[in-house]
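K.L.:
I need the structure of the sequence given here:
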Amino acid sequence: MEDVQTSVLLAANTYASGARRMTHAQSATSQDCQPTGVRATGWQGDGHHLAQRARVTERVVSASVANDRRRSSLPRPGPGSLIDRVDDLNHAIGTVPRAKVFDEGANFRTVHVLVFNHSGSVLLQQLSASRDRSPLQWGSSVAGYLHAGETYYEAARRRLAEELGLRTPLRRVGVTMMPDDGVKKFVGVYTTIADSPHISEPDHIAQLEFVPPNVVEADIVEDPARYTDTLKHVLCYVITVQGSLEGTDDRS
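P.N.:
The predicted structure follows:
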């Protein structure tokens, strides 16, 4: 199951780059980023991922793969699309139109994927000027809402293909919660390795840039307003879980 019990984890606003860790700049009220929920390890790809997760017969696994492929063909949720409304422990308790989550005070889910190249740089995405939230700020390589009933993994695969034209194996980091305009946002975080992404949604993405992690960390300290709050939170979470901001080819 993708639902996990999670504790409150506040998003970081500024970070220090020493020792390759992001921590909150000197603030008596801030909390260090901590991993929450269940951390799954191992690369999650198609049949292998589903068989490992479900531990069921080949017939059921094949049905799950077919369902995964069907969901991967769905377009990104539009303003009127239904997404899961979740409780404070990230359990689905109903649905809500995507555009109404803040009006209705509904907790919800998103997924973020950090793409690293083989040189170790992380891909950042500058949001287009037409975006309703955080226009022209830099965010995660891939990000998006989940359709109602969609798993984090399914959403990560779908958005990776939709935004960047990639179908590379995903490594799950975990799920983290952050406050967002008065509600709780539960963010599923994945990483992947790729050297040649391209912009598949020019209305959604202004530009892409691979940046060395230490440069990203330093620039967030220097000019935090250039970056989305969710990116800053996700980077902090990944560093806390992994010990550093990097991808890996370890598929064991």
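
K.L.:
pLDDT below threshold where in the chain?
P.N.:
Scanning the chain with the threshold set as pLDDT under 70 gives 1-75, 248-252.

K.L.:
The same query, at a cut-off of 90, please.
P.N.:
1-81, 130-135, 201, 203-204, 244-252 (pLDDT under 90).

K.L.:
Where do the helices of it begin and end?
P.N.:
For the chain, applying DSSP state H gives helices covering 46-54, 58-72, 152-164, 213-222, 229-242.

K.L.:
Can you verify my assumption that G78 contacts P97?
P.N.:
No: the criterion here is C-beta atoms under 8 Å, and G78 misses it with P97 at 9.2 Å. From N, CA and C alone the C-beta is placed, and that goes for glycine too.

K.L.:
and these two? which has more neighbours close in?
P.N.:
In terms of neighbours (other C-beta atoms under 10 Å), P97 is the more surrounded of G78 and P97; the figures are 16 against 10.

K.L.:
Show me the beta-bridge partners of that one.
P.N.:
Beta-bridge partners recorded for P97 (DSSP bridges): L82.

K.L.:
Could you measure from it over to Q125?
P.N.:
Distance, P97 to Q125, using C-beta to C-beta, to the nearest Å: 25 Å.

K.L.:
what does E209 give?
P.N.:
With distances taken as C-beta to C-beta, E209 is found 8 Å from Q125.

K.L.:
Which of these two has more residues huddled nearby?
P.N.:
Just comparing E209 and Q125: by other C-beta under 10 Å the higher neighbour count belongs to Q125, 26 against 12.

K.L.:
can you pull the contacts of that one?
P.N.:
Residues near Q125 by C-beta atoms under 8 Å, 6 or more residues apart in numbering: W138, G139, S140, S141, V142, A143, E163, I205, Q207, L208.

K.L.:
Closest one to Y227 out of these, please.
P.N.:
The nearest member of those to Y227, counting by C-beta to C-beta, is W138 at 5.0 Å.

K.L.:
Test my guess that the closest one contacts L124.
P.N.:
Yes: using C-beta under 8 Å, W138 makes contact with L124 at a distance of 4.8 Å.

K.L.:
Overlap in contacts, these two.
P.N.:
Common contacts of W138 and L124 (C-beta under 8 Å, 6+ apart): L231.

K.L.:
and stretch 232-249, which residues are buried?
P.N.:
232-242, 245-247 (16 or more other C-beta atoms under 10 Å).

K.L.:
swap in stretch 173-184?
P.N.:
Neighbour count says stretch 173-184 has V173, G174, V175, T176, M177, M178, D180, K184 buried, by 16+ other C-beta under 10 Å.

K.L.:
My read is that the fourth one contacts L235, right?
P.N.:
To tie it back to what came earlier, the one meant is T176. No: T176 is not in contact with L235 according to C-beta under 8 Å; the separation is 11.0 Å.

K.L.:
so who does H198 touch?
P.N.:
L164, G165, L208.

K.L.:
Determine which two of the contacts of Q125 are furthest apart.
P.N.:
A143 and Q207 (15.3 Å).

K.L.:
returning to what we had before: in JSON lines, list the buried residues of stretch 173-184 along with distance to P197.
P.N.:
Listed next are the buried residues of stretch 173-184 as JSON lines, based on distance: C-beta to C-beta, whole Å:
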{"residue": "V173", "distance to P197": "19"}
{"residue": "G174", "distance to P197": "23"}
{"residue": "V175", "distance to P197": "24"}
{"residue": "T176", "distance to P197": "24"}
{"residue": "M177", "distance to P197": "28"}
{"residue": "M178", "distance to P197": "25"}
{"residue": "D180", "distance to P197": "26"}
{"residue": "K184", "distance to P197": "30"}
